[in-house]
Structures are given as C-alpha cells and as structure tokens.
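*Asks:* Sharing a model prediction with you, sequence too.
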Amino acid sequence: MPRKSKKNIDSDLKKQEALKKSGEIPTHIAIIMDGNGRWARMRGLPRVAGHREGVESVRDIVEACGQLGVKYLTLYAFSTENWRRPQDEVSMLMRLLMKALRDEADKLNKNNVCLKAIGDITKLPNPVQNELLDAIVKTQNNTGLNLLLALSYSGRWDITQAVKKIYYDCRSGNLDIDSINEDIITKYLSTQGIPDPDLLIRTSGEFRVSNFLLWQLAYTEIYISKLNWPDFRRDELYKAIADYQKRERRFGMISNQIKQKKN
Ligand code: IPE
Ligand code: IPE
Ligand code: MG
C-alpha cells in the first residue's frame, strides 16, 4: 500500500473524530469479505491477485477499527463451504493466509491487537495452524482491538459443535438439561464471551449471510457495500458506520420505548 502523507493522515484523523462525535461506534463489527475473484476478473488478472489485494484491505480496516475504538472485529476469511472450491484455489488461499499471519503478527502485536480464531481450526493444514497459534499466543495479552478470524467457519458448524458439547456436559452431569436457555447456548458457541455483532458488512453487493454467524446475527444491523473487498478501504468503513449511526435498533419494541430508554 502506498505510504500515507501527513496531510492524508490528518484528514483521516478528522474523519474519525467526526464519526466518534456523530454517534456510537459499534462495539462489534463483522464483515463478509466478498468479491476478490470479481475484482481480479474485472482487471483480467488471476483470482490470486484479488485475494492478495484483499489482504491490503484487511490491513487497512483492522488499523482503522483499532483507531476508532471498535472492540471486536470478526472477519469471515474462509467458510466451511469454501473447502469445496477447486483444490488449487484452496491451497493458494491457505498459503496466502500463512504468509499474511507471518508478515502481520508483529504489527498486530505493536498495534495492541488481540488475535483470535473461530471455526474448525483442526481442518486447516498443520503449518497454517502453527502460524495461527503463534500469532494468537504472541498477541494474547493485548488490550486493544479483538480481531476474530473466522476460518473453516460456518454458523451451522458453530451451532452443531455447541449442541455436541451441551450433550456431553449433560451426560456427565455438569449441565442440567432444564437449565438450558439462550444464555447457556450462547456460552457454548465459539464466540462465547463476545457480544453479538452490532453491524454486519457484506461487500460485492451480495445480499446473503452465506452461513456466517447465524445465531449471533439475530439483531445485527446489515450494511451492503457494492464495492468488491479489495476496493473496500477505511473511507467505505466510515460510510458504513455513519449509516449504522442513523439506524434505530428496536429489538422487537416500538420506537417510543427506545426513545424513553435513551432519556
Ligand atoms: C472472497 O472473495 C474470499 C473468500 C471467500 C475466500 P471470493 O473469492 O468469494 O470472490 P468472488 O465472490 O468469486 O468474486
Ligand atoms: C462468503 O463468501 C465466505 C467468505 C467471505 C469467507 P462466498 O463467496 O463463499 O459466498 P457465496 O458462495 O457467494 O455465498
Ligand atoms: Mg464470493
């Protein structure tokens, strides 16, 4: 990415300050990073070029979220269903992931980012798992942005693994079946302890959830960007947050109740 001039940094800081003043910054943002392949195709490039440029967007968005004071950022990087892609694309994505983790771990650490992963990590090739664990351990005591990478993840996988663990705990007597409620189920999901996303962003103009955080998205505000992920940089993130700030989150209630609560 080209180095930013002082003028650009100053104008970016101003935009961030304006956003912090104009409303609440979402605590948890989740992103379905889509459109890398189309970005490349539009330029007559191989798909790998789109994925590489997508890593640049990840860098920019992670940094901007940290600066804005977002507490959790969950990035959908590889879904359970993505294993069905052609073998060479899957291998290329795994290599790229490994390289990105290796290249970025120190910078994430310097920026006080705490890296976590959700998903069926055991399905990833061993070298990728090792690189991932190294980066997680390196950043585990950081107190800034929590960056959750969803890898070999799907919402149905998450619910399924939760059901299995609940069954085992009931069978061993650690959990009473009659005590199971929504809070208990939430604790068995891979996102335990993490508040549900306030804002879900999907890029490339696609209007679907693609098996992302199915349980956790129950009351999340959705923002669809027409841009392909490699073109999605911080200015577009600011637009999404500004849009979010205009929404009224009613959680099933009526507008007057929400207004009374605020006052
Ligand atoms: C998102 O871009 C990256 C992953 C799903 C791994 P795509 O690879 O899905 O790009 P399109 O949708 O084909 O353009
Ligand atoms: C969703 O993108 C998964 C990730 C961004 C990792 P896909 O490109 O796999 O989604 P579909 O297949 O278009 O729904
Ligand atoms: Mg796609």
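*Replies:* It's in. Ligands and ions are numbered 1, 2, ... in the order given.
*Asks:* Give me the buried positions along stretch 72-88.
*Replies:* Within stretch 72-88, the residues scored as buried using 16 or more other CB atoms under 10 Å are 72-80, 82, 85. From N, CA and C alone the C-beta is placed, and that goes for glycine too.
*Asks:* actually stretch 92-102, sorry about that
*Replies:* Buried positions in stretch 92-102, judged by neighbour count with 16+ other CB under 10 Å: 92-94, 96-98, 100-101.
*Asks:* To which secondary structure element is the residue nearest in space to the middle of the chain assigned?
*Replies:* Central residue of the chain (CA atoms, centre = their mean): residue 74, 1.8 Å from the mean position. Here residue 74 sits within strand 72-79, counting by DSSP states H and E.
*Asks:* average pLDDT for whichever helix or strand comes after that strand?
*Replies:* Note on strand 72-79: by DSSP H and E, the next helix or strand toward the C-terminus is helix 87-110. In this model, helix 87-110 has an average pLDDT of 98.
*Asks:* near ligand 2 at all, helix 87-110?
*Replies:* No - with CB under 6 Å from any ligand atom as the criterion, ligand 2 is not reached by helix 87-110; the gap is at least 9.3 Å.
*Asks:* Could you check the angle that helix makes with strand 72-79?
*Replies:* Interaxial angle of helix 87-110 relative to strand 72-79 (axes from the mean of the first three to the mean of the last three CA atoms, to 10 degrees): 160 degrees.
*Asks:* Could you tell me how many residues sit around the closest residue to ligand 1 within the chain?
*Replies:* At 2.7 Å from ligand 1, residue 37 is the closest residue in the chain, using CB to the nearest ligand atom. Using other CB atoms under 10 Å, residue 37 is surrounded by 21 other residues.
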